[in-house]
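In: Pasting a predicted model and its sequence here:
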Amino acid sequence: MAKAHPIEVSDVRENILAVGQRIMSGKGFSAVGLNEILVAASVPKGSFYHYFGSKDAFGEALLDSYFVAYLAEMDDVLGQSGIAVAQRLMQYFASWQANQSFSDCQGKCLAVKLAAEVADLSEAMRLALDAGTAGIIARLTVALDAGVADGSLAIDGSAASVAATLYQQWLGASVMVKIVRSPAPFDAALAMTRRLLHLQH
């Protein structure tokens, strides 16, 4: 009979982070106690404190992990070959809309859920959010410059300022769809995005 392989240390840590992301994406940071995460992840409290010194440290690690995965997915979408940059950007925002549902984000809208809540609670988590969102805006900036270069879009002003405007617009729309329980804010954001990029179709 083959021996069962022990769970790798990194697997335990990643499991705690994955479970925490799923739960906190739905409930927020303050409303979730560590015990709820530990029970759902099937790990003892000692294991949690082996990897994370506090709940705030866990929140920081959670955001760091979230943004690593998010930015990798963003790179995949914006780095596609064979299609115009404008089309890649519109695919990115369509994916945003699909993932940031007002009814169920399934762990995919952690930044939207936690941004306003934790920015004033923890400087470490605020800095993690700042770094992650800066990474998103930087990638949008590069894409906008590339889109201008390939002629698939046009912008008024610098790519950096338009990228920041786009991100802030979509972040605001993500909050509004939760308030009004309707996809209408995303429809408005999509229409404004097309205008900002001077897309005709």
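Out: Right, received. Where do you want to start? All figures in this text were calculated on a predicted structure; none of them were measured in a lab.
In: Show me which helix or strand of this structure is least confident by mean pLDDT.
Out: Lowest mean confidence among the helices and strands of the chain (mean pLDDT, DSSP states H and E): helix 110-118, at a mean of 80.
In: For that one, buried residues please.
Out: For helix 110-118, a neighbour-count test (16 or more other C-beta atoms under 10 Å) marks 110-115, 118 as buried. In this view, the C-beta of every residue, glycine as well, is placed from N, C-alpha and C.
In: Over to stretch 64-76?
Out: Neighbour count says stretch 64-76 has 65-67, 70, 74 buried, by 16+ other C-beta under 10 Å.
In: Report the angle between the helix or strand hosting L171 and helix 110-118.
Out: Taking DSSP states H and E as the criterion, L171 maps to helix 159-180. In terms of direction (axes from the mean of the first three to the mean of the last three C-alpha atoms, to 10 degrees), helix 159-180 departs from helix 110-118 by 80 degrees.
In: What confidence value was assigned to the residue lying closest to F186 once chain neighbours are set aside?
Out: Residue nearest to F186 in three dimensions, not counting chain neighbours: Q97, with 4.6 Å by C-beta to C-beta, 6 or more residues apart in numbering. pLDDT for Q97: 89.
In: hang on, isn't Q97 packed against A184?
Out: No: contact criterion C-beta atoms under 8 Å: Q97 and A184 do not qualify, at 11.5 Å.
In: Between these two, which is the more surrounded one?
Out: Q97 (19 against 12; other C-beta atoms under 10 Å).
In: so what's that one up against?
Out: Neighbouring residues of Q97 by C-beta atoms under 8 Å, 6 or more residues apart in numbering: 183, 186, 189-190.
In: for R194, same thing?
Out: By C-beta under 8 Å, 6+ apart, the residues touching R194 are M90.
In: got the phi/psi numbers for it?
Out: Backbone torsions of R194, given as degrees, to the nearest 10, read phi -60, psi -40.
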